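Trainee: Dropping the sequence and predicted coords here.
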Amino acid sequence: MAKKNKFKTQTLDVLIDADAFVALIKKNDGNHKRAEKISDFLTKKGSFFYTTNFVFSETITVLSQRVDHQTAINFIDDFKNLEEVNLVPFDEEIKEMAIKIFKNQTSKNVSFVDCINMAVLKKYRWNTIFSFDKIYTKNGFKLASA
């Protein structure tokens, strides 16, 4: 992944969702090869990567449930030393935007974390999310691709 960039808006800013982290780590995930290809492409392109504490938390839970507890612990330890991904702080503006986005969803399958991600994308005027969840395209955002 690329170098750090503290919330400086660039055309190459990419928010990472939990399903992308899981796909990168879980070798038998249906999106593993695609995730590796996208990650390599974005890195070579010089992208700046971001995520939220909510995505971090969700990733740990999913890895623990779908892979094993040790893999989740390894992710925690690796993430603490990972300088390539910036954590976006959760503030009042993002919270209010996420609530509004959540209230406007028509599918019961949209998580509040998804809405937080969309609020972050809107607040920072980023368009691209590294995810495989189609809810983002339904809400006007672009899924990262290679």
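Mentor: Looks like it came in fine.
Trainee: what stretches of this protein score poorly on pLDDT?
Mentor: When residues are selected by pLDDT under 70, those of the chain lie in 1-11.
Trainee: can you give me the helices in it?
Mentor: When secondary structure is read from DSSP state H, the chain shows helices at 18-25, 32-44, 53-66, 69-80, 92-103, 112-123, 135-138.
Trainee: Mind listing what's buried along the third one?
Mentor: Under the neighbour-count criterion of 16 or more other Cβ atoms under 10 Å, helix 53-66 has 54, 55, 56, 58, 59, 60, 62, 63 buried. For the C-beta atoms, the positions are set from N, CA and C on the backbone; glycine is no exception.
Trainee: Among those, which one sits closest to residue 109?
Mentor: Nearest to residue 109, judged by Cβ to Cβ, of the buried residues of helix 53-66 is residue 58 at 14.5 Å.
Trainee: if we can go back for a sec, Serialize the helices of the chain to a markdown table and add fields for distance to residue 86.
Mentor: Listed next are the helices of the chain as a markdown table, based on distance: least, Cβ to Cβ, whole Å:
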| stretch | distance to residue 86 |
| --- | --- |
| helix 18-25 | 14 |
| helix 32-44 | 14 |
| helix 53-66 | 12 |
| helix 69-80 | 12 |
| helix 92-103 | 14 |
| helix 112-123 | 11 |
| helix 135-138 | 19 |
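Trainee: With that, I have no additional questions.
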